Structures are given as C-alpha cells and as structure tokens.
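In: pasting a predicted model and its sequence here:
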Amino acid sequence: MSGPNTDYDPVEVAAVSPAEVEAARDAALAAIAAAADLEQLKAVRTQHAGDRSPLALANREIGALPPQARKEAGQRVGQARGAVSQALAKRQAELEAEHEARILVEESVDVTLPTDRDPVGARHPLTTGAELIADIFVAMGWEVAEGPVIEAEWLNFDALNLGPDHPARTMQDTFWTEPADNHIVLRTHTSPVQARTMLTRTPPIYVVCPGRVFRTDEYDATHSPMFHQVEGLAIDEGISMAHLKGTLDHFATSMFGEGITTRFRPSFFPFTEPSAEVDLICFVCRGSGLDDDRSGACRTCRGEGWIEWGGCGIVNPRVLQACGVDSSRYSGFAFGMGIDRTLMFRHGLEDLRALFEGDVRFTTAFGSEL
Ligand code: DAH
C-alpha cells in the first residue's frame, strides 16, 4: 500500500499540468475522430483511455500531489477523461451504425434472381390429391364448399342429428376448446360443411367439401390426430340411392381407373337414413383378392378384393329440417371419405405419416414438381 507521497517529486507533478492534460485530451479526441472503423477505434481506446494512457497515468499521479493541489488537478484530469470517454462512445455508436448500414447493403440477397437449385419445390400430394377430387366433381357441375376447422359444436354434431348422448361426442374422439361452455370444437369430420351449405343456400345444391379434420387419435401408421376428408352433398328433387351409387362409381373410376367401382354395405350414421359403407374394388388385385403371382392374398386388400373407402347415405330428413331445407320437396345424398386414405391406396403408401412429415423426397416422388 502506498501512503501519501512525502518525498514529493516535482517532475511527477508536471504530468498533471494543465498543458499536458489538455494535450493528452486533444490528442485523444483527434485520434477518436480519425478512427475510420471499429477496429481502429478499439486501438485508439486502448492508447488514449486504457490503463497506460497518458490520462490514466495522470489520474494516478493525483494521489501523489499535495492535498491543496489535488482538487484542481482531479477536476482537470476528470474533465479530460470524461470528454474522451464521451467522444469514444459517440464515435463507437457512429461506427456501429455505419457498419450495420454497410452490412445491410453488402449482404443483401436478391431473392428474385433465378436459381438452378434442384429440386425447386413440389406441391404436396394432399394438395394435388384434394384438387384432383374437386376437379372430378367440378367437371360434373358441382361446386367446392369450405368451412372452418374450428367449428361450433351445434354444426359439428346437433345439426347432423348427433344427439348429446352420441358416443362421437365423448371426450375420446373430440378436441374441445376452452372454455367448454363456448361449445366450440375442432371439427371431427367435414360433415358440418353440409349443414353450413344448406343453411346458406337454397337447393338444388351439389357441393364437395375437402378439408382438415381432427380427432384425439394416436399418431401411427394408420391414424393421425389431424387428417383430411372429402364430403359430398347433393340436394335436389327426387334424389335417390341410385344417384348416390352412380356418383360414387364415377368418382372411384375417375380416381382409380376403369373398372374400379364401388359396393354398398348397410351401416348407420345419424345424419343419413338409409346409410351405407362404401367399399372400392381393390385396384391392385382388381377384386380377385390374390397377389401378383396368384399364390397368396393381395397385400393391399388382405385377400378381400374390396377396400373400405367411406360412408354415405340418403340425408336424414331431420338434418334437412334442422338446416332449413323443405324435406317434403327435397331429398339428398351425402358421402364422406378420408383423402389421406384414398391417396394411400392410390399411391401404394403403407404409412400415413409419410403424408405429414414434409420430406421433399417423398413429395417429389409423386411427380408433382413445380
Ligand atoms: N362424417 C362421417 C365420418 O367422419 C363420414 C360420412 C358418413 C359422411 C356418411 C357422410 C355420410 O356425409 O353420409 O365418419
């Protein structure tokens, strides 16, 4: 520890002389102003404001001065150091701003320039698949209808004759939103678009509704909590099951090729009466149930010759009434199938997850490159 400097040395005092302090400050300010970039400013900082800079040394001398000289010298050196550090901060900010502005110009990328990167990108098979389905119906004069994925419980269930006690309304299947008393769900099927369409249009109505739906399913090779359906609805005078069968046969043939038609199996849906499950002739074995060399069972339909495709039926008059359609004048048919499932058949996919994982190598394999 150094005590007061009793052997006062006049040579040391000279370092704190006004002229010296002023000269050191001016030299520092000139060097700061001359620093052309942040690198140079860093060197200037060390030289003029660092521990061994003239002003820092002068500051250290103050303690060695006789008490009466300390105050004045302290003020002088303090002011000089203050001016230098202010100038440093100001120049630092200026140079940083310049640096940033330069980077913005130098490193800007023209995103409009053409690129030869391969692959450029691809439309997702679910998008092209849904478009293909819509096109088949648009070609018959149908329209495409859409509805929200966050849907009113009433439209998702009640309007479709799915009473409050129907098992599909239990927590296992449905994603409910909070707070529960808002009665809003993530739609569990595309059928609410039927109800929305009937409520807003007058018959005749011919619409297809492709879209995303949600159920509280585990994610595995054949299930996903989010998947896609396409709904069809025809409301007109004199609509019968025969129209439904003809329409679905045409849909199947357009999707899977000549000779691939459908069969109906009796079933139940609250929104249709009568209702049926639709099966598709297996397009791999073409209904034989046999594999390629005819020695074992076809892997696609597991020897059945048929593949489950979806549900359908004649729209229940209670649904027509709930949605404001005159059920004494009009009747209608409806159907719904999984788009993902349809694409899995069409492209021989074994794992549903391939459709959701966004791997471009998978997407381009569908030949859908832009
Ligand atoms: N909404 C049904 C489901 O998700 C599918 C369905 C069946 C839709 C029959 C229909 C229909 O329009 O008539 O399981």
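Out: Looks like it came in fine.
In: what are the neighbouring residues in contact with residue 217?
Out: Neighbour list for residue 217: 223, 224, 225 [criterion: CB atoms under 8 Å, 6 or more residues apart in numbering]. (C-beta placed from N, C-alpha, C; glycine too.)
In: in contact with the last one, which residues?
Out: With contact taken as CB under 8 Å, 6+ apart, residue 225 is in contact with 175, 214, 215, 216, 217, 218, 219.
In: one more time with 10 Å
Out: Residue 225 makes contact with 175, 186, 213, 214, 215, 216, 217, 218, 219 under the criterion CB atoms under 10 Å, 6 or more residues apart in numbering.
In: can you count the residues close to residue 177?
Out: Other residues near residue 177 come to 13 when the count uses other CB atoms under 10 Å.
In: pop out the phi and psi values for it.
Out: phi -100, psi 160 (degrees, to the nearest 10).
In: around the nearest residue in space to it that is not next to it in sequence, how many other residues sit close by?
Out: In space, and not counting its chain neighbours, residue 177 is closest to residue 184: 4.5 Å by CB to CB, 6 or more residues apart in numbering. Burial of residue 184 is recorded as 18 neighbouring residues (other CB under 10 Å).
In: how far away is residue 184 from the ligand?
Out: Using CB to the nearest ligand atom, to the nearest Å, residue 184 is found at 19 Å from the ligand.
In: that residue contacts residue 150, doesn't it?
Out: Yes. Contact criterion CB atoms under 10 Å: residue 184 and residue 150 qualify, at 6.1 Å.
In: what residues do those two have in common as contacts?
Out: Common contacts of residue 184 and residue 150 (CB under 10 Å, 6+ apart): 175, 177.
In: might you report the residue contacts of residue 125?
Out: 132, 339-340, 343, 346-347, 349, 354-355, 362-368.
In: farthest pair in the residues you listed?
Out: 339 and 364 (19.7 Å; CB to CB).
In: for the ligand, what's the nearest residue on the stretch 51-200 of the chain?
Out: Taking CB to the nearest ligand atom as the measure, the stretch 51-200 of the chain has residue 189 as its residue closest to the ligand, at 3.3 Å.
In: in the stretch 101-250 of the chain, which ranges drop under the pLDDT threshold?
Out: The stretch 101-250 of the chain contains residues with pLDDT under 70 at 117-121, 171-172.
In: that one against the ligand: which residues are in contact?
Out: Residues of the stretch 101-250 of the chain that fall close to the ligand, judged by CB under 6 Å from any ligand atom: 189, 191, 231.
In: mind listing which of those residues are in helices?
Out: Among those, DSSP state H puts residue 191 in helices.
In: out of the residues of the stretch 101-250 of the chain next to the ligand, who's the most crowded?
Out: When those are compared by neighbour count (other CB under 10 Å), residue 191 ends up highest, at 29 neighbours.
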